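Asks: dropping a prediction and its sequence here:
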Amino acid sequence: MPTVFVNIPGAPYDVHVERGLLERVASRVRDLTGAKRLAVVTDANVRPLHLPLVRRSCEAAGVEMIDVTIPAGEGHKTLATVQTIYDQLLDARIDRNTPVAALGGGVVGDVAGFAAATVLRGVPLVQVPTTLLAMVDASVGGKTGVNHARGKNLIGAFHQPRAVFVDPQVLTTLPPHELRNGLAECIKHDLIRNEAGFARLERDIDRALSIDIEYLAELIAHNVAIKARVVEADPLEQGERAHLNFGHTFAHAIEIVSDFAVTHGKAVALGMVAASHVSMRLGMIAPTDDRRITSLIARAGFPTHSLNLPIDPLLDVMRHDKKARSDCPRFVLLERLGHAVVREDVPQELVRDAFEALH
Ligand SMILES: NC(=O)c1ccc[n+]([C@@H]2O[C@H](COP(=O)([O-])OP(=O)(O)OC[C@H]3O[C@@H](n4cnc5c(N)ncnc54)[C@H](O)[C@@H]3O)[C@@H](O)[C@H]2O)c1
Ligand SMILES: [Zn+2]
């Protein structure tokens, strides 16, 4: 079964993708860290579905499980939730060597990761992602954190996990729209880094949608490898890691202007359609490539038009993006399929046209 090595200087780790891994996760953490106790943070949705297997794995491995549950959903990705995690960890008298396992989607990964980064000035973290998005994106790269009233992900820390344990079997309980959110990031990865992967996804996306676990295991390993190579080259997000924002500058504006009524997956899907459109208009990708991209995004179950948002506010948000260095927003575009490039010189008219094409 595939293991992907993530070579972060000073903090390297493996991402294990194995069917049935949840049943053995505690012994794997014990072998890795030597710890006899394990704090498992999960959310109220994942708890009844997947905590029982983890609990049994602890019993089998002779590891004491500290059970920490938080409410589910992006609305609980807050410092208040982190505070409740601190309380439970400290009440259980954890020490510097007690690992925290984040069992859940990207919200649990980010919140529990931030708690692990900060409690006692940092304890070991293992990620046990249970959504496709968390498996291929959020659990790799070491970004942890919470939202603030002023915006998403504004409070946080880099804290690389000691390992990531992916059991693709848990995806059988994932609601279809959550699976699609992960697929949007998979499409993104291939668009910025791997043309052959894009062609394979065109051929096999229906296997992902029908939860073919064997295929999903391959797809996850492929995507983790792409994300790993990007974050290895730029662990602290000072340069090339920006490529992971492909489609996300547009998506961010759509999320804000819709007041988050458009979900992240949908916004990224529309954002990738827009970014691909701009890439085509700048003569970097061919119209046939642009059509392939839009059609794969549609097959993944996303709308690629009918966006009912006013364009001027969208353009305004883009001008004030926190990642913009000057007034001109930085766009991640496609030089060609499988190759991203950052451009700061995109004419405003083209951006407007791209939003219009989404209507
Ligand atoms: N740290 C990073 O680098 C990074 C990268 C991308 C996204 N993120 C963050 O990730 C978050 C989004 O992650 P997400 O999409 O996984 O959302 P999520 O964690 O909210 O999970 C989505 C929903 O699925 C439920 N769920 C999780 N696993 C399940 C399973 N196996 N079966 C049934 N239900 C399950 C959850 O309870 C939740 O209701 C955002 O907060 C985003 O900012 C972080
Ligand atoms: Zn995203």
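Replies: Now that the structure is in, tell me what you want to look at. Ligands and ions are numbered 1, 2, ... in the order given.
Asks: strands of this structure, residue ranges please.
Replies: 3-6, 13-17, 37-43, 64-70, 100-104, 125-129, 143-148, 151-158, 163-166, 331-336, 339-343 (DSSP state E).
Asks: out of the ones you listed, flag the one nearest L51.
Replies: Distance to L51, taken as CB to CB, is lowest for strand 37-43 among the strands of the chain, at 5.6 Å. For the C-beta atoms, the positions are set from N, CA and C on the backbone; glycine is no exception.
Asks: listing partners with orientation, what would you give for the closest one?
Replies: Based on DSSP bridges, the pairing partners of strand 37-43 within the sheet are strand 64-70 (parallel), strand 100-104 (parallel).
Asks: deepest of the ones you listed, which one?
Replies: Compared across the strands paired with strand 37-43, strand 100-104 shows the largest average neighbour count, a mean of 30 (mean count of other CB atoms under 10 Å).
Asks: coming back round to it: dump the strands of the chain into JSON lines; add distance to ligand 1 and mean pLDDT as well.
Replies: JSON lines is the format used below for the strands of the chain (distance: least, CB to the nearest ligand atom, whole Å; pLDDT from 0 to 100):
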{"stretch": "strand 3-6", "distance to ligand 1": "13", "mean pLDDT": "98"}
{"stretch": "strand 13-17", "distance to ligand 1": "13", "mean pLDDT": "98"}
{"stretch": "strand 37-43", "distance to ligand 1": "5", "mean pLDDT": "98"}
{"stretch": "strand 64-70", "distance to ligand 1": "10", "mean pLDDT": "98"}
{"stretch": "strand 100-104", "distance to ligand 1": "5", "mean pLDDT": "98"}
{"stretch": "strand 125-129", "distance to ligand 1": "7", "mean pLDDT": "98"}
{"stretch": "strand 143-148", "distance to ligand 1": "4", "mean pLDDT": "97"}
{"stretch": "strand 151-158", "distance to ligand 1": "5", "mean pLDDT": "95"}
{"stretch": "strand 163-166", "distance to ligand 1": "11", "mean pLDDT": "98"}
{"stretch": "strand 331-336", "distance to ligand 1": "15", "mean pLDDT": "97"}
{"stretch": "strand 339-343", "distance to ligand 1": "17", "mean pLDDT": "96"}
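Asks: of those strands, which approaches E240 most closely?
Replies: Using CB to CB, these put strand 339-343 closest to E240, at 8.6 Å.
Asks: gap between that closest one and the chain center?
Replies: Computed by CA atoms, centre = their mean, to the nearest Å, the chain-centroid distance of strand 339-343 equals 20 Å.
Asks: same question for stretch 170-179.
Replies: 15 Å.
Asks: is any residue of that stretch near ligand 1?
Replies: Yes. Using CB under 6 Å from any ligand atom, a contact is recorded between stretch 170-179 and ligand 1, made by V170, T173, L174, E178.
Asks: which among those residues count as buried?
Replies: V170, L174, E178 (16 or more other CB atoms under 10 Å).
Asks: residues in contact with the first one?
Replies: In other words, V170. Applying CB atoms under 8 Å, 6 or more residues apart in numbering, we find V170 in contact with L22, L49, H50, T130.
Asks: just put the strands paired with strand 37-43 in CSV and tack on distance to P235.
Replies: Formatted as CSV, the strands paired with strand 37-43 follow (distance: least, CB to CB, whole Å):
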stretch, distance to P235
strand 64-70, 27
strand 100-104, 19
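Asks: now do the same contact list for whichever residue of the stretch 151-300 of the chain sits closest to ligand 1.
Replies: For the stretch 151-300 of the chain, the residue closest to ligand 1 is T173, as judged by CB to the nearest ligand atom, at 3.6 Å. The neighbours of T173, taking CB under 8 Å, 6+ apart as the test, are L49, H50.
Asks: tell me how far it lies from T130.
Replies: Distance, T173 to T130, by CB to CB, to the nearest Å: 8 Å.
Asks: identify the contacts common to these two.
Replies: With CB under 8 Å, 6+ apart as the test, T173 and T130 both reach H50.
Asks: kind regards, and thank you for your time.
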